[in-house]
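In: next one to model:
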Amino acid sequence: MSRVSLRNVTKKCPNNDMVVKNFSLDIEEGEFVVLTGMAGCGKTLVIRMIAGLEECDSGDICIDDEIVNDMETKDRGVAMVFRNYTLYPNMNVYDNMAFALKMERLPANEISRRIRETAEFMEMESLLERMPSELTEEQTIQAVIGRAVAKEPRVLLMDDTLGRLTGESKKFIEEKMVALNRKMGIPFIYATQGQEEAMDMASRIVIMNEGEIVQAGSPAELYEHPAKTFVALFLGDPHINMVQAEVVSRKNGCELKLGENTISLTKEQKTVLEQSGSMGKNVFLGIRPEDMEIAGKKTGEGKGLIRQAIVESYEEKGGRRYLCASLDEARWTVPAGEKELPKGEAVDLAFSTEKAHIFCAETGELIR
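Out: Take a look at the predicted model:
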C-alpha cells in the first residue's frame, strides 16, 4: 500500500512570492484527503507538485518514503483526473481505458481484466462500446475515472474533477469515489473550492489559505471544532452566525455583551476567557444556525438570548427553511418555526451556549 508525505514544500511564483509555504502533510494509505480553500490558495499547485507537473522550490515530496522530486510523472505511479478531462474522440470507451495500458505493454488478458473489473465496479459495463460523443457528462466522468483507476496507480490525484456535475449525477459519482477509495486502499487526493464536496467525500479535509494549512481534520472535527474564524466561515451552508461581542466582568464571572444583549456563559467558557486575558476585549461569537431557534416561553437555562432582532427574510437551504433576522449590524440565520413571521417584526432568538465558539477578534483564533 502507498502513502504520500510532503515535507516543508515551498513553491514560488515568478515574482518570487511564495504561493505554497512550508507545506507539510502526511497522507496514509486508504485516506481520502480533500484540499480545499478559496481560489488561489495553492491547492491545485500541491496536486500538480505531487504529480510532477510542477517542481517545488524547496522541501521534499515522498511516495512510499521515496523522494520523488526529480522523478518524472510517468515513474511516480500516480494517476490524475482534472476538471478539463477529455476522452480520445476516435476511440470507444474500452479503447480509451486500454490505451495507456497498451503503452505499458501489458498482456491483452491483463488489460481486459482491469477494464472489466473497473467497469463493473463503476457500473459502466454498458458504456464500453460507446463513443465519447454518445456519452452524457456523468458517463464521461465515469469513463475518465475508470481510465485512471485501470492503471492501478499508487496514488489517485484529482483537481476539481466533479466541478462540471450537479445534482443527482454529482452525488452518484461522489458515492462511487468514496467506495472506490475503500476498495483500492490507496491515497485519494482531491482539490476543490467546493466545501460540500469536501464534507461529502473526505476522510480528512485540509483547509488552505494563502499557501498554508489553516486546519486539517475529519469533516465533523472541522465543522464542530473550528480552530479559526476562517474555518468556521468556510464550512457550512448556511454560514455560521458570526458576530462581534465584548467580554465584560460580572460578579458571577465574565459575560458577553452584544449591543443591549448580555450572554451568560458556561463555567468552562468563563474560565477560558479569564485565563486567556480576554476581559474587556472584543471577541467573535460563532453559532451554527442549527444550534439556534426562535425563543419561546419554554426556552430554558443554558440558552443564550438575542432579544428584539428584526425579521428580514426567509431562505431555503438543503431542503430546510431558515429565518434571517438582524440586530444592529449583526445578521442571524435560524431554522424557521411553524408560524411565518412578517418582515419587520421583532423576534427573540435563542441558542445553546455550550455550542458557541468564541474567537479572538485580533487573530481569528479560537480562544481555548
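In: contacts and neighbour counts: CA atoms only from here.
Out: Will do.
In: helices of the stretch 51-200 of the chain, start to end?
Out: In the stretch 51-200 of the chain, the helices defined using DSSP state H, counting those that start in this stretch lie at 93-103, 108-121, 137-149, 167-184, 195-201.
In: need the winner for burial among those helices.
Out: Comparing the helices of the stretch 51-200 of the chain by mean neighbour count (mean count of other Cα atoms under 10 Å), helix 137-149 ranks first with a mean of 21.
In: that one to helix 93-103, inter-axis angle?
Out: 20 degrees (axes from the mean of the first three to the mean of the last three Cα atoms, to 10 degrees).
In: from residue 201, how far out is residue 190?
Out: 9 Å (Cα to Cα, to the nearest Å).
In: please identify which of the helices of the stretch 51-200 of the chain is closest to residue 248.
Out: helix 195-201 (35.4 Å; Cα to Cα).
In: skip ahead from the closest one and say which helix or strand is next.
Out: strand 204-209 (DSSP states H and E).
In: where do the helices sit along the stretch 201-350 of the chain?
Out: 219-224, 229-234, 267-275.
In: how about the ones you listed, which one is nearest residue 332?
Out: helix 229-234 (13.6 Å).
In: let me see the domain layout of this protein.
Out: 4-234, 242-360 (automatic domain parsing).
In: excluding chain neighbours, what is closest to residue 79?
Out: residue 156 (5.0 Å; Cα to Cα, 6 or more residues apart in numbering).
In: neighbours of the one you found, how many?
Out: By the criterion of other Cα atoms under 10 Å, residue 156 has 23 neighbours.
In: that one touches residue 78, doesn't it?
Out: Yes - counting by Cα atoms under 8 Å, residue 78 is a contact partner of residue 156 at 5.8 Å.
In: out of the helices of the stretch 201-350 of the chain, deepest packed?
Out: helix 229-234 (a mean of 20).
In: same question for that helix, mean pLDDT?
Out: Throughout helix 229-234, pLDDT has a mean value of 98.
In: try stretch 122-136
Out: 96.
In: next one: that stretch to chain centre, how far?
Out: Mean-position distance between stretch 122-136 and its chain equals 30 Å (Cα atoms, centre = their mean, to the nearest Å).
In: before we move on, what about stretch 277-286?
Out: 28 Å.
In: export the domains of the chain to TSV and tack on distance to residue 367?
Out: Shown next, in TSV, are those (distance: least, Cα to Cα, whole Å):
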stretch	distance to residue 367
domain 4-234	9
domain 242-360	5
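In: so, low pLDDT: which residues of the stretch 1-150 of the chain?
Out: 1, 16 (pLDDT under 70).
In: residues near the closest residue to residue 272 other than its chain neighbours, how many?
Out: Leaving aside its chain neighbours, residue 272 sits nearest to residue 368 (5.7 Å; criterion: Cα to Cα, 6+ apart). When neighbours are counted by other Cα under 10 Å, residue 368 registers 15.
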